[in-house]
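S.K.: Have a look at this prediction, sequence included:
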Amino acid sequence: MGQTITEFIANYGELMLEGTRDTLVMTAGSTLLAYVLGVPLGVLLTITGAKSIWPNRPLNTVLGWIVNIGRSIPFIILLVAIIPFTRLIVGTSLGVEGAMVPLVISAAPFVARVVEQSLADVDGGLIEAAQSFGANNWQIVTKVLLFESLPSLVRGAAITFINLFGYSAMAGTVGAGGLGDIAIRYGYQRYEYDVMLVAVVLSVILVQVIQSFGDRFAKRIDHHAR
């Protein structure tokens with residue numbers, strides 16, 4: 001048994017480390033960029049609502065349609081459909097860079113809805129209090145809405161990361177790299193099921209670690225806020 005494990009590490013250890021690194025870089029980078037796009041979009045969806053601080057029905061409707069359409073496209077279809085756009089942006093549709101473009105485009109609408117829901121849960125009394133003290137819309141967004149919803153936003157970031165982790169495995173079908181690519185090329189196409197099993201176990205461990213970290217970080221923020 002020990003000899004088998006040693007032999008596996010010698011043959012595939014470096015490959016697994018590289019796949020784990022690529023998956024983490026791909027997923028973390030995509031999550032960050034998705035939040036750069038999704039947070040402003042989610043804030044606009046919230047504040048342009050009918051009973052919000054800056055009601056604008058036409059803009060809210062257009063943004064809602066954009067988000068709904070973006071969320072309704074299956075990732076594997078989006079991945080293939082925007083290959084020309086991906087090549088235009090990063091110069092290739094392969095590897096980590098090639099996977100990040102569709103991952104970001106797919107995740108940004110999801111992030112927008114997560115942010116919208118988090119902001120909607122903020123007590124309206126806090127907004128009214130801020131308005132009574134003369135706070136403008138920008139101050140209400142940054143110092144009330146985003147600040148009060150920070151624990152929920154952190155949990156949403158962990159959920160987004162995990163979703164993109166799964167999407168990155170799909171991206172492995174078109175040569176994106178990472179653990180998904182390893183599981184497909186070695187485990188499925190070459191019938192090396194031990195490689196597939198290890199890739200799956202590593203994926204499960206990483207997801208559990210990220211989820212646990214997100215929950216603990218959100219609780220710490222909530223504790224300090226109170």
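M.R.: Received the coordinates, thanks. Numbers count the residues shown, from 1 in each chain.
S.K.: How far off centre is the host helix or strand of residue 40?
M.R.: Assessed by DSSP states H and E, residue 40 sits inside helix 2-47. Here helix 2-47 is found 10 Å from its chain centre; the criterion is C-alpha atoms, centre = their mean, to the nearest Å.
S.K.: Also stretch 114-124?
M.R.: The chain centroid and the centroid of stretch 114-124 are separated by 18 Å, computed with C-alpha atoms, centre = their mean.
S.K.: do stretch 57-64 as well
M.R.: 23 Å.
S.K.: swap in stretch 203-216?
M.R.: 14 Å.
S.K.: Likewise for stretch 125-140?
M.R.: The answer for stretch 125-140 is 30 Å, by C-alpha atoms, centre = their mean.
S.K.: Got the phi and psi for residue 51?
M.R.: phi -110, psi 30 (degrees, to the nearest 10).
S.K.: and residue 223, what pLDDT?
M.R.: For residue 223, the model assigns a pLDDT of 63.
S.K.: what stretches of the protein score poorly on pLDDT?
M.R.: Scanning the chain for pLDDT under 70 picks out the ranges 1-3, 222-226.
S.K.: Please name every helix or strand in contact with the next helix or strand after the helix holding residue 40.
M.R.: Moving toward the C-terminus from helix 2-47, the next helix or strand (DSSP H and E) is helix 57-72. Contact analysis of helix 57-72 by 3 or more C-beta pairs under 8 Å, 6 or more residues apart in numbering; DSSP states H and E lists helix 2-47, helix 95-120 as its packing neighbours. For glycine as for every other residue, the C-beta is placed from the backbone atoms N, C-alpha and C.
S.K.: CSV for those, including distance to residue 78 and mean neighbour count?
M.R.: Output for those, formatted as CSV (distance: least, C-beta to C-beta, whole Å; neighbours: other C-beta atoms under 10 Å):
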stretch, distance to residue 78, mean neighbour count
helix 2-47, 13, 17
helix 95-120, 5, 23
